[in-house]
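> After the sequence you'll find the predicted model.
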Amino acid sequence: MVWTPLHAKIHRTIKSRHLFKHQERLLVAVSGGQDSLCLIKLLLDLQPKWSWYISIAHCDHRWRDDSQANAYHVENLAKNWGVDFYLETAKEPVNSEAAARGWRYQILNAIAQKYNYQYIVTGHTASDRAETLLYNLMRGTGADGLQALTWQRPLSEKVTLVRPLLEITRQQTGQFCQDFQLHIWEDSTNQNVKYARNRIRQELIPYLQTNFNPKVESALAQTAELLQADVEYLEQAAQQLREAATMGSGDVLKLNRQILKPAPITLQRRVMRQILLEILPDAPNFEHIQKLTALIIAPNRSQTDPFPGGAIAQIQGDWIIIK
Ligand SMILES: Nc1ncnc2c1ncn2[C@@H]1O[C@H](COP(=O)(O)OP(=O)(O)OP(=O)(O)O)[C@@H](O)[C@H]1O
């Protein structure tokens, strides 16, 4: 087996970030594209050092004419490598990117639970991280949206999603596949500049590389990494503030304004967002968070309009009452 600098880098990353331990069961999500092929080859090469049990899962969304051929291609690779292969085919063609993603994670999670895999591993790269950061920046999310793709994320009680390639660029995964002659299945929809994501990848990033910073992808990925640590810290601080300020539970929630008032605005907003995440049917937007935060210094007896789902917040002296 040929050991490259990329092997060494991933080995170090897995060790230093404690992504997996020895002898764990990994379900690798392989689309057949260059990123996930690079990922599976690296993990299979590292396997003897770690004694993992590695399998491959592929999801056929049925949204391209060649999607079945794509699935066979991945199945053949799995056969040649001698690893278990799980295929799930959508009953109806999945026709939006968001729907495909939602369906895919649900399926991967179900396979992992059924066959007892602790980890689902995906091939997201530093390039994906940079694109996600730019995309979210233009949509106006705060630091939470910009932290863009975390190393690990729980998908359910027993299954964790892990992304070991977040410090490797797409250029590197492409070169790796070429060096090892891995046959990539090109996704024709990646070329379609109708999608904002593809315009960022095909047009915006190359423009930034040429005119601003040739290493812009790694620079943006590093920004995401720094923001991730900031967000983690702020969320913990907000959680503590919330616990200190909250009374009651169930249908009526009381927040003490005297405790919230001296806190920095970023923590006040985060407390309100954490609460709204639990009581609204969908994720709260900036306006919802602002409306609730404004009550911290509002005159006595002020109240909000109903939030989606019907909850109302009102002031009674030192308390914000949410019911
Ligand atoms: N059809 C598929 N079958 C199995 N795994 C897949 C499939 N498509 C994508 N993946 C996994 O997801 C990773 C990211 O793929 P891609 O960037 O195309 O998806 P995405 O929709 O942007 O994902 P996300 O929502 O997680 O950011 C791939 O490297 C691969 O591990």
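That came through fine.
> In the stretch 51-200 of the chain, which residue sits nearest the ligand?
Of all residues in the stretch 51-200 of the chain, the one sitting closest to the ligand is Gly123 (2.8 Å; Cβ to the nearest ligand atom). No exception for glycine: its C-beta is placed from N, CA and C like everyone else's.
> which stretches of the stretch 1-150 of the chain aren't confidently modelled?
Residues of the stretch 1-150 of the chain that meet the criterion pLDDT under 70 are absent altogether.
> Run through the residues of it sitting next to the ligand.
By Cβ under 6 Å from any ligand atom, the part of the stretch 1-150 of the chain that sits against the ligand consists of 29-31, 35-36, 57-59, 97, 101, 104, 122-124, 128.
> now do 5 Å
Residues of the stretch 1-150 of the chain that fall close to the ligand, judged by Cβ under 5 Å from any ligand atom: Ala29, Ser31, Asp35, Ser36, His58, Cys59, Arg101, Thr122, Gly123.
> could those residues go into CSV alongside secondary structure and neighbour count?
CSV is the format used below for these (DSSP: H, G, I helix; E, B strand; the rest coil; neighbours: other Cβ atoms under 10 Å):
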residue, secondary structure, neighbour count
Ala29, strand, 24
Ser31, coil, 20
Asp35, helix, 23
Ser36, helix, 24
His58, strand, 26
Cys59, strand, 25
Arg101, helix, 12
Thr122, coil, 22
Gly123, coil, 24
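> Is the lengthiest helix in the chain positioned near the ligand?
Ranked by residue count, the top helix of the chain under DSSP state H comes out as helix 216-245. No - using Cβ under 5 Å from any ligand atom, helix 216-245 stays clear of the ligand, with a minimum separation of 12.7 Å.
> Following the chain onward from that helix, which element is next?
Proceeding N to C from helix 216-245, the next assigned helix or strand is strand 246-247, under DSSP states H and E.
> pLDDT of the very next helix or strand once past that following strand, averaged?
Using DSSP H and E, the helix or strand that follows strand 246-247 in sequence is strand 253-256. In this model, strand 253-256 carries a mean pLDDT of 95.
> which residues touch the residue of the stretch 51-200 of the chain closest to the ligand?
Shown in contact with Gly123 (Cβ atoms under 8 Å, 6 or more residues apart in numbering): Ala29, Val30, Ser31, Gly33, Asp35, Ser36, Leu37, Cys38, Leu39, Arg163, Leu165, Thr173.
> returning to that earlier point: which helices and strands sit right next to the longest helix of the chain?
When contacts are defined as 3 or more Cβ pairs under 8 Å, 6 or more residues apart in numbering; DSSP states H and E, helix 216-245 sits against helix 126-139, helix 143-146, helix 205-211, strand 253-256, helix 257-260, helix 265-279.
> Turn the ones you listed into TSV, columns for mean neighbour count.
Formatted as TSV, those follow (neighbours: other Cβ atoms under 10 Å):
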stretch	mean neighbour count
helix 126-139	21
helix 143-146	17
helix 205-211	13
strand 253-256	18
helix 257-260	17
helix 265-279	19
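> Could you dump these into TSV and include distance to Val2?
TSV is the format used below for the helices and strands packed on helix 216-245 (distance: least, Cβ to Cβ, whole Å):
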stretch	distance to Val2
helix 126-139	23
helix 143-146	37
helix 205-211	29
strand 253-256	59
helix 257-260	58
helix 265-279	47
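> Please identify which of those is closest to His183.
helix 126-139 (20.9 Å; Cβ to Cβ).
> Hey, what's the angle from the closest one to helix 216-245? Just curious.
60 degrees (axes from the mean of the first three to the mean of the last three Cα atoms, to 10 degrees).
> burial count for Arg197?
Neighbours of Arg197 under the rule other Cβ atoms under 10 Å: 16.
> who touches the helix or strand hosting it?
Using DSSP H and E, Arg197 sits within helix 196-199. The contact list for helix 196-199, computed with Cβ under 8 Å, 6+ apart, reads Glu97, Glu131, Tyr135, Thr189, Asn190, Gln191, Asn192, Val193.
> Buried subset of these as a ChimeraX selection?
Buried members of those can be picked out in ChimeraX with the line below, counting by 16 or more other Cβ atoms under 10 Å:
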select :131,135
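> May I see the contacts of helix 196-199 organised as TSV, with secondary structure added?
Below are the contacts of helix 196-199 laid out as TSV (DSSP: H, G, I helix; E, B strand; the rest coil):
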residue	secondary structure
Glu97	helix
Glu131	helix
Tyr135	helix
Thr189	helix
Asn190	helix
Gln191	helix
Asn192	coil
Val193	coil
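> Now do the contacts for the residue in the stretch 201-323 of the chain positioned nearest to the ligand.
Scanning the stretch 201-323 of the chain for proximity to the ligand using Cβ to the nearest ligand atom identifies Arg201 as nearest, at 9.8 Å. The neighbours of Arg201, taking Cβ under 8 Å, 6+ apart as the test, are Ser127, Glu131, Asn190.
> Fine, thanks again, bye for now.
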